[in-house]
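1. Prediction below, plus the sequence it came from.
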Amino acid sequence: MTTTPDADLEHMSHEQLIAEVKQLRAGIRAHRDCSGHDLCWYHPHLWALLPEQAGRQPEVPDWPQFMRGCVRYRASLDTQLPDAPRTRREFGE
C-alpha cells in the first residue's frame, strides 16, 4: 500500500493544521531571509520540517563542478536581482 507524503494532514485537527502551517512558514521565512554567504549553505533544518526523512544523502559535486555551479548561481543573481545591494564582506566576517 502506497501512502502519499501528506497523508498525515488528513488526520490533523484544525488547530494542528494551523500550527503546522505556522512552523512551515517560519522555516520558509528563515530560508528566504538568508543573505550574503548564507545563501550558499546546505539547509537540512529546512528539510527537517517535513514529516518524512529524505531517505538518502544528497550527492555532492567534486570541487571543479561545484565551483562552476557556484559561479553560475552567483551570475544568476545578477540577472534575477540586478538592483540588490552588494557587499564585499568575506566569509566569516
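-> Noted; the coordinates are in hand. Numbers count the residues shown, from 1 in each chain.
2. Return the helix or strand hosting T79 as PDB; C-alpha atoms alone will do.
-> In the assignment (DSSP states H and E), T79 maps to helix 63-80. The C-alpha coordinates for helix 63-80 follow below in PDB (Å, rounded to 0.1, in the frame of the first residue of the first chain):
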ATOM      1  CA  TRP A  63      35.300  20.800  -6.400                       C
ATOM      2  CA  PRO A  64      35.600  21.900 -10.100                       C
ATOM      3  CA  GLN A  65      32.000  21.100 -10.900                       C
ATOM      4  CA  PHE A  66      30.900  22.600  -7.600                       C
ATOM      5  CA  MET A  67      32.800  25.900  -8.100                       C
ATOM      6  CA  ARG A  68      31.400  26.200 -11.700                       C
ATOM      7  CA  GLY A  69      27.900  25.800 -10.200                       C
ATOM      8  CA  CYS A  70      28.700  28.500  -7.600                       C
ATOM      9  CA  VAL A  71      29.800  30.900 -10.300                       C
ATOM     10  CA  ARG A  72      26.600  30.200 -12.300                       C
ATOM     11  CA  TYR A  73      24.400  30.700  -9.200                       C
ATOM     12  CA  ARG A  74      26.100  34.000  -8.400                       C
ATOM     13  CA  ALA A  75      25.800  35.100 -12.000                       C
ATOM     14  CA  SER A  76      22.100  34.200 -12.000                       C
ATOM     15  CA  LEU A  77      21.600  36.600  -9.100                       C
ATOM     16  CA  ASP A  78      22.800  39.500 -11.300                       C
ATOM     17  CA  THR A  79      20.000  38.600 -13.700                       C
ATOM     18  CA  GLN A  80      17.300  37.900 -11.100                       C
END
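3. first to last residue in stretch 25-38, what's the distance?
-> The straight-line separation of the ends of stretch 25-38 (CA to CA, to the nearest Å) is 19 Å.
4. Identify the residues contacting that stretch?
-> With contacts defined as CB atoms under 8 Å, 6 or more residues apart in numbering, stretch 25-38 is touched by 41, 43, 45-46, 49, 87, 89, 91. (Each C-beta comes from the backbone N, C-alpha and C, glycine too.)
5. what do you get if the cut-off is 6 Å, keeping everything else the same?
-> Residues outside stretch 25-38 that contact it (CB atoms under 6 Å, 6 or more residues apart in numbering): 46, 49, 87, 91.
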